[in-house]
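**Student:** show me the folded form of this:
(one chain, ligands or ions: 1)
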Amino acid sequence: MKLDSLIPAPLRKPAKPGEGNGAKGAAPADLKTAPPQRPSDAARLGERAKEAPVDVLAWVDQRTAATGFLTGMLFRKVPKGTNWFYTLGSATLFAFIVQAVTGVFLAMYYTPSVTQAYASISHINNDVFLGAFVHGMHKWGSSVMVILIFLHMGRTFFFGAYKYPRELNWVIGVVLLILTMTMAFTGYLLPFDQRSFWASIVGININGTGPIVGPYLSDFLRAGPELGATTLARFYAIHMLLIPGALIALIGAHLYLVVKLGTTAPPWVRAERPKAAKPTSSVDAR
Ligand code: HEM
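**Tutor:** Down below sits the predicted model:
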């Protein structure tokens, strides 16, 4: 639309001779045609509704400046040679999210008591809607997460991503690995069947063989002279409160450092050398 047509005719600058809308004093061309139809209220409401998500995002963004962070995170530059192996960290993150979501639903039906734990798992598997599916996802998902975390660690090791300046991210990764393994270990006892009972005793005894801290660690895990009700309560608290909280915080720190430092190029990609400046004598002075 021409800006001129928005200004009422009496306020318009008169056209210079030879320009404008024809003969002096004649009505401008846009006033001779019928004004465009105004959109109906319903159409205008529809237009506003289409804009609503953008408006809400803009409202939140003005108050949080979140888009700066999100664009930095989602549209960050990656080095040449980035390949499928770089998706293993995100795959581990996805496995963790699946574990967290399915775990919340399992916790709605699970009872952490030595007399009721097994029965509550049977109830989930046999009676609850999609219970066996959600339980299966959580059980198999734990192995998937352990496999992925090792593959991701292997990728960062073989690509030399533990070196300066990413040592701290490697150290955080080692803690994430220990927490993930502890998560798998403590979760194994929760169904409280024969297999989980005896496997946990073996695991606790193996911990007890560690140097210096070993015996204290196994006492702490067993929470008493024998594996029993307090052990189950302790494993449950560690499994669903302590470690998920620590994992979320450390994954946050891990990803912050990934965004801040960027990822490492594969070892077979050579860094481009800056081109040497030509000696001034050889510069063509044409
Ligand atoms: C819950 C577990 C973990 C999650 C969710 C996770 C997630 C990620 C993601 C998304 C990235 C960026 C993309 C990529 O390189 O794959 C990354 C990078 C990295 N991770 Fe992990 N990670 C985990 C565990 C580990 C472990 C166990 C280690 C090593 C002990 C580790 C060390 C690193 C390092 C050094 C980088 C930087 C890679 C580079 O600069 O190329 N992470 N992580």
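
**Student:** middle-most residue in this protein, spatially?
**Tutor:** Nearest to the geometric centre of the chain sits Leu93, at 6.6 Å (C-alpha atoms, centre = their mean).

**Student:** list the contacts of the residue nearest to it when sequence neighbours are not counted.
**Tutor:** Spatially, and ignoring its direct neighbours in sequence, Leu93 is nearest to Ile251 (6.7 Å; C-beta to C-beta, 6 or more residues apart in numbering). C-beta: built from backbone N, CA, C; applies to glycine. If you count contacts by C-beta atoms under 8 Å, 6 or more residues apart in numbering, Ile251 has them with Leu93, Phe96, Leu176.

**Student:** now, which of these lie close to the ligand?
**Tutor:** Taking C-beta under 6 Å from any ligand atom, the overlap between these and the neighbourhood of the ligand is Leu93, Phe96, Leu176.

**Student:** tell me the one of those residues nearest Ala229?
**Tutor:** When these are compared for distance to Ala229 (C-beta to C-beta), Phe96 comes out closest, at 29.2 Å.

**Student:** where exactly do the helices run in the stretch 151-286 of the chain?
**Tutor:** Along the stretch 151-286 of the chain, counting by DSSP state H, counting those that start in this stretch, helices occupy 167-189, 194-208, 214-222, 229-237, 243-261.

**Student:** residues in contact with the fourth one: which ones?
**Tutor:** When contacts are taken as C-beta under 8 Å, 6+ apart, the neighbours of helix 229-237 outside the stretch itself are 112-114, 117, 186, 189-190, 192, 200, 221-224.

**Student:** neighbour-wise, which of these leads?
**Tutor:** Greatest neighbour count in the contacts of helix 229-237, by other C-beta atoms under 10 Å, goes to Leu189: 25 neighbours.

**Student:** local confidence estimate at it?
**Tutor:** At Leu189 the predicted local distance difference test score is 98.

**Student:** what's the closest non-adjacent residue to it?
**Tutor:** By the measure of C-beta to C-beta, 6+ apart, the closest residue to Leu189 outside its immediate chain neighbours is Ser200, 4.3 Å from it.

**Student:** list the residues that contact that neighbour.
**Tutor:** When contacts are counted by C-beta under 8 Å, 6+ apart, Ser200 is found next to Phe185, Tyr188, Leu189, Leu227, Thr231, Phe235.

**Student:** so how far is the ligand from it?
**Tutor:** Noted for Ser200: a distance of 23 Å to the ligand, by C-beta to the nearest ligand atom, to the nearest Å.

**Student:** residues in contact with the strand or helix carrying Leu88?
**Tutor:** Counting by DSSP states H and E, the element that carries Leu88 is helix 88-107. Here helix 88-107 makes contact (C-beta under 8 Å, 6+ apart) with 124, 134-135, 137-138, 141-142, 144-145, 148-149, 151-152, 155-156, 183, 240, 244, 247, 251, 255, 258.

**Student:** does the ligand sit close to stretch 162-170?
**Tutor:** Yes. Under the criterion of C-beta under 6 Å from any ligand atom, the ligand is reached by stretch 162-170 at Tyr162, Arg166, Asn169, Trp170.

**Student:** can you tell me which of those is nearest Gly68?
**Tutor:** Asn169 (21.9 Å).

**Student:** so what's that closest one closest to, chain neighbours aside?
**Tutor:** In space, not counting the residues next to it along the chain, Asn169 is nearest to Leu257; the distance is 4.4 Å by C-beta to C-beta, 6+ apart.

**Student:** isn't that neighbour right next to Leu168, touching?
**Tutor:** Yes. Taking C-beta atoms under 8 Å as the contact criterion, Leu257 and Leu168 are neighbours in contact, 6.5 Å apart.
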